[in-house]
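# I need the structure of the sequence given here:
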Amino acid sequence: MVKETRLGITAKKDEDFGKWYSEACRFGELVEYYESVKGCYILKPSGISDEYLERYTNTTLKGLLQRLLGLQELVDKRTQGPPFEAACMTHGDDKGLVFPPKVAPVQVVVIHVPIKGAADYQELCDACEAVESTLLGAGIRAEADIRDNYSCGWKYADQELTGVPLRIETGPRDLANDQVRIVTRDNGAKMDVKRGDLIEQVKDLLEKIQSNLYDVAKRKVEECTQKVETWDEFVEALSQKKLILAPWCDKVEVEKDVKRRTRGDETGGGGGGAKTLCTPLEQPELGEETLCFASGKPAKKWSYWGRSY
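Residues are numbered from 1 along each chain as shown. The predicted structure is shown next:
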C-alpha cells in the first residue's frame with residue numbers, strides 16, 4: 001500500500017541510507033519541492049526552525065545546509081544547535097524523523113480518538129483544543145490535530161514521520177477519567193496522565209527524551225569509533241565502516257596517498273577513498289615514539305578518518 005500511495009518510508013535506514021534520508025525529509029514535511037530537478041530540494045522554513053529562530057531572511061547558513069539548493073527562506077541567526085539535517089541523520093529511524101525536543105518545530109501533537117457514532121465528538125475536539133491551549137500557555141510548542149478527514153492511525157503515522165517528540169491522545173474514556181494518554185516518539189512508551197499533572201509531566205518527558213536521544217547518539221558514535229595505530233588496523237576498521245582515530249604526520253601528500261590507497265575498488269570496502277574528517281581539540285597522549293599510521297613518519301596529531309559512501 002505504501003508503494004502505491006507514496007505516503008510512507010519504504011527504505012530501511014541501515015540498508016539504504018540515501019533513499020531513507022530522501023524519503024524521511026520528504027514525508028517528514030521538511031521539503032516543499034523535490035520532483036523535477038535531480039538533487040534539488042526546496043525546504044520549508046519549518047524545516048530549519050528551532051527555538052532560537054525568530055525571523056527569516058536571505059542570510060546564507062554555513063555547514064551542511066549549503067549542500068541543499070533552492071531554499072525558500074533562510075535564517076537570520078542560529079545561536080546554537082546542529083543543522084537540522086544532522087538531527088535527521090542521527091536520530092531518525094525506519095518510521096521517519098525523530099526530533100530532539102529543543103529543536104522540534106512542534107513538541108507535542110494532540111489527537112482526539114473518537115468512537116464512531118458517539119455523541120461526544122465535539123466534546124473531544126474541545127478537550128484537545130483545551131490541552132493545546134494549556135500547553136501553549138506553558139511555553140510548550142503544541143498543536144491540536146482535530147481534522148475529521150483523516151483516521152487516528154493516519155495521524156499517528158504522520159506524527160511518527162514528522163518526528164514530533166510527544167503525542168497526546170484523548171478519547172471518551174480519557175475524557176471520563178479526566179486524563180490523557182501520552183506516547184513518546186523515541187521509544188513508543190505510553191502512559192496515562194491526569195489533566196492536572198499534564199504540564200509537569202510533559203516538561204519532564206521532553207527533558208527525558210532530549211537526554212535519552214543524546215545518550216543513544218553518543219553510544220552509537222562510541223560503538224562506531226575505533227582507535228588504531230597501524231595501517232593494517234586502519235584498513236580493517238575502514239572495511240567495517242568505522243570512524244577511525246589515528247595518529248598521522250599532518251602532511252597533505254600523505255592524506256592524498258591514503259585516499260588513493262583506500263578507494264573502494266582497491267580495498268574492497270566500496271565508496272570513495274578515506275580522508276580526514278576532523279581533529280579533536282582534546283588530543284589523546286601522543287608520545288615521541290608514535291608514528292603516522294600511513295607514512296611511518298613521526299606523528300604530529302590524532303585525527304578522525306572516514307570514508308564517504
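
# okay, CA-based contacts and neighbour counts for the rest of this
OK.

# where does the protein have low pLDDT?
Within the chain, the ranges that satisfy pLDDT under 70 run 1-7, 13-87, 116-119, 264-271, 309.

# Next secondary structure element downstream of the longest helix seen in it?
Longest helix in the chain by number of residues, with DSSP state H as the criterion: helix 198-224. Toward the C-terminal end, the helix or strand that comes next after helix 198-224 (DSSP states H and E) is strand 225-227.

# following that following strand, which helix or strand comes up?
With elements assigned by DSSP H and E, the helix or strand that comes after strand 225-227 is helix 231-239.

# got the angle for the very next helix or strand once past that next one vs helix 231-239?
Sequence-wise, the next helix or strand downstream of helix 231-239 (DSSP H and E) is strand 243-248. Per axes from the mean of the first three to the mean of the last three C-alpha atoms, to 10 degrees, the angle that strand 243-248 makes with helix 231-239 is 160 degrees.

# Format the CA atom coordinates belonging to the helix or strand just after strand 243-248 as CSV.
Counting by DSSP H and E, the next helix or strand C-terminal to strand 243-248 is helix 252-261. Output in CSV follows, covering the C-alpha atoms of helix 252-261 (Å, rounded to 0.1, in the frame of the first residue of the first chain):
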residue,chain,number,x,y,z
VAL,A,252,48.7,16.9,2.7
GLU,A,253,50.5,14.5,0.4
VAL,A,254,50.1,11.7,2.9
GLU,A,255,46.3,12.3,3.1
LYS,A,256,46.1,12.2,-0.7
ASP,A,257,48.0,8.9,-0.7
VAL,A,258,45.6,7.4,1.9
LYS,A,259,42.7,8.5,-0.2
ARG,A,260,44.2,6.8,-3.3
ARG,A,261,45.1,3.6,-1.5
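
# Can you give me the buried ones in helix 252-261?
Judged by neighbour count (16 or more other C-alpha atoms under 10 Å), helix 252-261 contains these buried residues: 255, 258, 259.

# Residue 276 - how many residues pack around it?
18 (other C-alpha atoms under 10 Å).

# Hmm, residue 302 and it touching each other?
No: between residue 276 and residue 302 there is no contact under C-alpha atoms under 8 Å: 10.2 Å.

# that older thread, buried sites along the longest helix of the chain?
Here helix 198-224 shows 198, 199, 202, 203, 205, 206, 209, 210, 213 as buried, counting by 16+ other C-alpha under 10 Å.

# Of all pairs in those, which one is the farthest apart?
198 and 213 (22.1 Å; C-alpha to C-alpha).

# The protein: strands as residue ranges?
For the chain, strands defined by DSSP state E occupy the ranges 31-33, 42-43, 56-57, 74-75, 108-112, 142-145, 166-170, 179-184, 190-194, 225-227, 243-248, 274-278, 301-307.

# Check which helices and strands the longest one sits against.
I take that to be strand 301-307. Applying 3 or more C-alpha pairs under 8 Å, 6 or more residues apart in numbering; DSSP states H and E, we find strand 301-307 packed against strand 243-248, strand 274-278.

# Using JSON lines, lay out those strands together with distance to residue 90.
Listed next are these as JSON lines, based on distance: least, C-alpha to C-alpha, whole Å:
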{"stretch": "strand 243-248", "distance to residue 90": "14"}
{"stretch": "strand 274-278", "distance to residue 90": "17"}
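
# All set, thanks.
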